[in-house]
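[1] Here's my sequence, what's the structure:
(one chain, ligands or ions: 2)
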Amino acid sequence: MTELSSAPTVPVGNAGPALDPGLDVWRTLPIQQQPSWHGTPEHDAAVRELSVLPPLVFAGEVDVLRGRLAAAAQGKAFLLQGGDCAETFADATADKISARVKTILQMAVVLTYGASMPVIKMGRMAGQFAKPRSSDTETRNGVTLPAFRGDIVNGYEFTPESRRHDPARLVKAYNTSASTLNLIRAFTQGGFADLRSVHNWNRGFTENPAHAAYESLAGEIDRAIRFMEACGADFDELKRTEFFAAHEALLLDYERALTRTDSRTGLPYDTSAHFLWIGERTRQLDGAHVDFLSRVRNPIGVKLGPNSTPEDALALIDKLDPNREPGRLTFISRMGAKNIREKLPHLVEKVTASGAQVLWVTDPMHGNTVTSQNGYKTRNFEDVMDEVRGFFEVHDALGTYPGGLHVEMTGDDVAECLGGADPIREEQFNDLYESVCDPRLNHRQSLEMAFLVSGALAK
Ligand code: PEP
Ligand code: MN
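    Ligands and ions are numbered 1, 2, ... in the order given. Just a heads-up that it's a prediction; the model follows:
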């Protein structure tokens with residue numbers, strides 16, 4: 001976490017229609033990781049446009065999700081959050097979106113069987129366009145340009161024109177989120193999510209000899225489905241599934257412009273997504289992000305890295321969940337495989353002792369990033385799985401609930417993370433590394449993780 005003292009504030013701009021005046025307090029507070037475009041006429045115009053566009057999600061759906069997350073916090077459901085580190089405008093195609101949704105549904109079936117409880121499906125999708133960066137600039141071959149901050153801010157291409165912070169991208173991000181979410185809704189409501197097809201796709205995975213170890217679990221799921229069929233289960237009911245959208249709430253002018261008053265309750269909802277999380281770099285207690293998100297009704301996540309103290313966690317609970325509302329707050333720990341067994345127990349113990357009931361989720365990706373010999377940002381599947389195992393061990397030992405999994409993954413056959421049963425090797429990176437930010441599990445590695453976690457949940 002960066003210190004706040006030197007952080008700039010964002011000047012008051014076009015805030016959109018007046019809601020609760022508290023929704024603009026963040027503008028007076030130190031803020032990290034924002035683009036340098038405030039106060040320009042282009043920025044004002046983009047924010048004005050966003051503030052009158054229709055909401056992307058409805059407050060009622062957000063309330064349903066809060067209820068589902070409350071069940072997960074009580075050990076009665078499991079949350080699966082997955083998707084790109086950074087979505088891109090170019091990859092918001094039908095093929096890529098369907099592959100990702102398909103992979104999440106496939107993982108969810110396997111996890112549902114292992115956990116014997118509902119799995120809440122959530123994409124890092126339809127809005128995951130803004131990235132915090134460790135440096136404002138990037139230097140290649142002696143040329144220094146602004147760092148890539150996600151398609152909502154600038155382009156990945158390494159030219160001065162592309163790396164310029166362009167406020168028109170805010171509106172493009174909204175439009176791309178809308179078309180992505182439209183397709184997700186069509187897929188998950190229109191028959192694509194049929195349990196039997198999802199199970200059939202999983203057969204493709206277990207037919208690979210590298211995945212022979214997972215055949216018996218797949219066989220059990222197969223028998224369970226045939227048993228349901230024989231009993232006359234209503235498969236029409238199993239053709240649809242709920243699917244929620246989530247992203248890191250990083251650009252507060254975007255989030256504020258999409259915040260609307262719910263006509264039913266008169267309360268503010270950030271309608272850019274169902275679930276929003278605050279990143280490890282922007283979770284300062286007296287900073288803008290925590291303040292803004294404390295004032296919207298959506299369920300909120302906070303990433304907790306290895307330097308998080310129990311005092312940080314308790315203060316975040318007081319600020320973000322003062323009423324101790326079930327489902328309101330999710331802590332997404334991202335400690336690293338080497339740290340989780342040592343660092344997570346203190347946090348969980350103190351939070352539990354305080355009487356707060358948060359949902360604990362593991363992000364086994366962000367604490368395990370390394371650079372490969374040939375210069376790519378990568379992660380070893382074994383380290384990722386070790387952090388997941390550590391997460392289950394910690395919660396088992398404390399008698400608390402390991403409530404979910406937050407992963408960077410894709411439905412495509414990329415090579416970005418090393419290892420897995422059908423292993424990815426560094427030599428494949430030159431041809432198959434596509435991520436513009438952090439490395440993702442590919443389709444097979446994602447399913448393998450689901451089979452392994454399913455085994456852990458079944459215990
Ligand atoms: C991310 O989720 O891509 C991310 C930047 O995570 P963190 O805030 O945990 O570093
Ligand atoms: Mn990432």
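[2] and Thr330, that's in a helix?
    No. Under DSSP: H, G, I helix; E, B strand; the rest coil, Thr330 falls outside any helix and is assigned strand.
[3] what pairs with it across the strands?
    Residues in a beta bridge with Thr330, per DSSP bridges, are Gly301, Leu359.
[4] Could you pull up the contacting residues of it?
    Applying C-beta atoms under 8 Å, 6 or more residues apart in numbering to Thr330 gives the contacts 69, 73, 79, 275, 277, 299-302, 358-361, 403-404. C-beta: built from backbone N, CA, C; applies to glycine.
[5] Go ahead and confirm Ser162 touches Asp151.
    No. The criterion here is C-beta atoms under 8 Å, and Ser162 misses it with Asp151 at 10.6 Å.
[6] Of those two, which one has the most company?
    Asp151 (24 against 14; other C-beta atoms under 10 Å).
[7] State the three-state secondary structure for Cys285.
    Quick fix: residue 285 reads Leu, not Cys. Applying three-state DSSP: Leu285 is coil.
[8] Repeat that for Ala218.
    Classified using three-state DSSP, Ala218 is helix.
[9] Leaving out chain neighbours, which residue sits closest to it?
    Spatial nearest neighbour of Ala218, chain neighbours left out: Thr206 (4.3 Å); criterion: C-beta to C-beta, 6 or more residues apart in numbering.
[10] In what element of secondary structure is the one you found found?
    helix 195-207 (DSSP states H and E).
[11] Need the CA coordinates for that helix. PDB is fine.
    Output of helix 195-207 as PDB, limited to C-alpha atoms (Å, rounded to 0.1, in the frame of the first residue of the first chain):
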ATOM      1  CA  LEU A 195     -26.600 -28.200 -16.700                       C
ATOM      2  CA  ARG A 196     -26.400 -31.200 -19.100                       C
ATOM      3  CA  SER A 197     -24.500 -29.300 -21.800                       C
ATOM      4  CA  VAL A 198     -22.100 -27.800 -19.200                       C
ATOM      5  CA  HIS A 199     -21.500 -31.400 -17.900                       C
ATOM      6  CA  ASN A 200     -20.900 -32.600 -21.500                       C
ATOM      7  CA  TRP A 201     -18.300 -29.800 -22.000                       C
ATOM      8  CA  ASN A 202     -16.500 -31.100 -18.900                       C
ATOM      9  CA  ARG A 203     -16.200 -34.500 -20.600                       C
ATOM     10  CA  GLY A 204     -13.900 -33.000 -23.200                       C
ATOM     11  CA  PHE A 205     -11.600 -32.000 -20.300                       C
ATOM     12  CA  THR A 206     -11.500 -35.400 -18.600                       C
ATOM     13  CA  GLU A 207     -11.000 -37.300 -22.000                       C
END
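[12] Tell me how far it lies from the chain's centre.
    Helix 195-207 sits 25 Å away from the centroid of its parent chain (C-alpha atoms, centre = their mean, to the nearest Å).
[13] Stretch 186-193 now?
    With C-alpha atoms, centre = their mean, you get 21 Å for stretch 186-193.
[14] Now do Val351, the pLDDT please.
    Val351 carries a pLDDT score of 98 in this model.
[15] my guess is it is in a helix, correct?
    Yes. Counting by three-state DSSP, Val351 is found in a helix.
[16] right, and it touches Ser333 too?
    No. At 11.0 Å, Val351 does not count as touching Ser333 under the criterion of C-beta under 8 Å.
[17] of the two, who's got more company?
    Neighbours per residue (other C-beta under 10 Å) separate Val351 from Ser333, with Ser333 holding more: 30 against 21.
[18] Next, count neighbours for the residue lying closest to that one once chain neighbours are set aside.
    Counting by C-beta to C-beta, 6+ apart, Leu304 is the residue found nearest to Ser333 once chain neighbours are left out, at 4.9 Å. By the measure other C-beta under 10 Å, the count of residues near Leu304 is 23.
[19] Ok, the one 10 residues further on next?
    Leu314 has 16 neighbours, counted by other C-beta under 10 Å.
[20] one step back: spit out the contact partners of the residue nearest to Ser333.
    280, 283, 312-313, 331-335, 347.
[21] Check the residue nearest to Asn202 when sequence neighbours are not counted and give its pLDDT.
    Closest residue to Asn202 apart from its sequence neighbours, by C-beta to C-beta, 6+ apart: Gln106 at 5.4 Å. pLDDT recorded at Gln106 is 96.
[22] pretty sure Gln106 contacts Arg444?
    No. The pair Gln106 and Arg444 fails to qualify as a contact (C-beta under 8 Å) at a distance of 10.7 Å.
[23] if you count what's nearby, which of these two comes out ahead?
    The neighbour comparison of Gln106 against Arg444 (other C-beta under 10 Å) goes to Gln106, with 23 against 20.
[24] Quickly find the element holding the residue nearest to Leu398 when sequence neighbours are not counted.
    Leaving aside its chain neighbours, Leu398 sits nearest to Val348 (5.5 Å; criterion: C-beta to C-beta, 6+ apart). Val348 is part of helix 340-353 when elements are defined by DSSP H and E.
[25] Just the residues contacting that helix, thanks.
    Counting by C-beta under 8 Å, 6+ apart, 304, 306, 308-310, 313-314, 317, 331, 333, 335, 358, 360, 362, 367, 387, 390-391, 393-395, 397-398, 400 sit against helix 340-353.
[26] can you tell if it touches ligand 1?
    No. Applying C-beta under 6 Å from any ligand atom, one finds helix 340-353 separated from ligand 1 by no less than 13.6 Å.
[27] Check which residues of that helix are buried.
    Buried residues in helix 340-353, defined by neighbour count with 16 or more other C-beta atoms under 10 Å: 340-341, 343-345, 347-348, 351.
[28] who in the stretch 101-250 of the chain is up against ligand 2?
    Within the stretch 101-250 of the chain, no position lies close to ligand 2 (C-beta under 5 Å from the ion).
[29] Kindly provide the distance from the residue nearest the centre of the chain to Val110.
    Among the residues of the chain, the one closest to the centroid is Arg124, at 4.0 Å (C-alpha atoms, centre = their mean). With the distance defined as C-beta to C-beta, to the nearest Å, Arg124 ends up 19 Å from Val110.
[30] repeat for Ala193
    15 Å.
[31] Those two: which is more packed in?
    Using other C-beta under 10 Å as the criterion, Ala193 and Val110 rank with Val110 on top: 28 against 22.
[32] Do a quick rundown of the helices in the stretch 251-400 of the chain.
    With DSSP state H, counting those that start in this stretch, the ranges of helices along the stretch 251-400 of the chain come out as 252-257, 288-294, 310-320, 340-353, 381-398.
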